[in-house]
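Enquirer: Provide a 3D model corresponding to the input given below.
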Amino acid sequence: MSQQAAAALAPLPFELVYSDGEPLETHWHVNQISLFTELVEQAMTERGRNDYFVGGNMFVYYSYEQAHAIAADINDRRHYRGPDIFYVGGVEARSGQKCWVVWEEGRYPEVIVELLSPSTARTDRTVKKDLYARVFRTPEYFLQDPYQGKLEGFRLTGAVYQPIAPNAKGRLWSERLGLKLGLWHGIYRRDENTWVRLFDRDGRLVPTSDERAEAERQSAEAERQLAEVASQRAEVASQLAEAERQRAEAESQRADAAEADAAAAKAEVARLQALLGSR
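Expert: Got it, this is the predicted structure:
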């Protein structure tokens, strides 16, 4: 069904299902979704953009038939389609979104990221990949395999996904996000692991809120230390100036004393000469 035809349908006579009841595979999956979502929001905020939506572990309803099939049998998982992460640009900001309904939004995801696991890898590489290319027409599709430490990217060319060539650092350019996706090993939410991170054109790591706060704290501390050094230098300069003033004053006093002594000696010589002359 096309978007135009679906958009013309009357409201669904049943409630949409928002969850399949299945938890994410691992704690890493939960954190990676949160991390990627946070980084997209941070990158867009830096650009002053608010016209986008980024969803994580959220159903995408792409046809009336799919929605009806899920409502008819919620235990039949063949029709469930919830990308781990997806991004849509050029849409109004919204909050409290429970799912993405294509015929209501008028847009399919532009970027999809699937986080592989032993139980989903085959489907992500076949069934979902075909759906995203053939039906969604999603321009960019990324796969992260945490078990193999591998990140792959594909760009839609015609009706087929072609691999995105990584740069020298193994990072993949996303035209839709205007960012590079790359692997980064570090700590997020007290979990040391390898994560998918975002980098700008210049290779700068898009920071998390905690990293940004820490950078701001370090910057403020550096500024405080610089101000303290400047204050210390000013104090030393003031002390040197005072020492120079005291030295100059002492020199002046010595000069005045020497001049006074010379005058006194001259006067004494004159007195003695006058005394001798009077005899």
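Enquirer: what segments of the stretch 1-150 of the chain are strands?
Expert: Remark: strands assigned in the stretch 1-150 of the chain by DSSP state E, counting those that start in this stretch are 52-56, 60-61, 85-89, 100-101, 111-115, 140-145, 150-157.
Enquirer: strand 140-145 and the last one, what's the angle between them?
Expert: To tie it back to what came earlier, the one meant is strand 150-157. 160 degrees (axes from the mean of the first three to the mean of the last three CA atoms, to 10 degrees).
Enquirer: what angle separates strand 150-157 from strand 111-115?
Expert: Using the same axes, to 10 degrees: strand 150-157 against strand 111-115 is 150 degrees.
Enquirer: let me see the mean pLDDT of strand 150-157.
Expert: Averaged over strand 150-157, pLDDT sits at 97.
Enquirer: tell me the most buried of the strands of the stretch 1-150 of the chain?
Expert: Across the strands of the stretch 1-150 of the chain, averaging neighbours per residue (mean count of other CB atoms under 10 Å) puts strand 111-115 on top, at a mean of 25. C-betas here are computed from N, CA, C, even on glycine.
Enquirer: show me where the stretch 1-150 of the chain dips below the pLDDT cut-off.
Expert: Applying pLDDT under 70 to the stretch 1-150 of the chain flags residues 1-25, 73-80.
Enquirer: which one is Glu114 nearest to, not counting chain neighbours?
Expert: Of all residues not flanking Glu114 in the chain, Asp124 sits nearest, at 4.4 Å (CB to CB, 6 or more residues apart in numbering).
Enquirer: I meant to write Ile164 there.
Expert: Per CB to CB, 6+ apart, closest to Ile164 is Gly153, 3.7 Å.
Enquirer: returning to what we had before: name all residues that make contact with the residue nearest to Glu114.
Expert: 114, 116, 143 (CB atoms under 8 Å, 6 or more residues apart in numbering).
Enquirer: if we go to 10 Å?
Expert: Asp124 makes contact with 83-84, 112, 114-117, 132, 141, 143-145 under the criterion CB atoms under 10 Å, 6 or more residues apart in numbering.
Enquirer: picking that back up, as TSV, the strands of the stretch 1-150 of the chain with distance to Ala227 would be great.
Expert: Below are the strands of the stretch 1-150 of the chain laid out as TSV (distance: least, CB to CB, whole Å):
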stretch	distance to Ala227
strand 52-56	40
strand 60-61	52
strand 85-89	42
strand 100-101	50
strand 111-115	44
strand 140-145	44
strand 150-157	43
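Enquirer: ok, which of the ones you listed comes nearest Leu226?
Expert: strand 52-56 (38.1 Å; CB to CB).
Enquirer: max-length helix in this structure?
Expert: helix 209-278 (DSSP state H).
Enquirer: wait, doesn't Asp51 sit right on Glu92?
Expert: Yes: checked against CB atoms under 10 Å, the pair Asp51 and Glu92 is within contact range at 6.9 Å.
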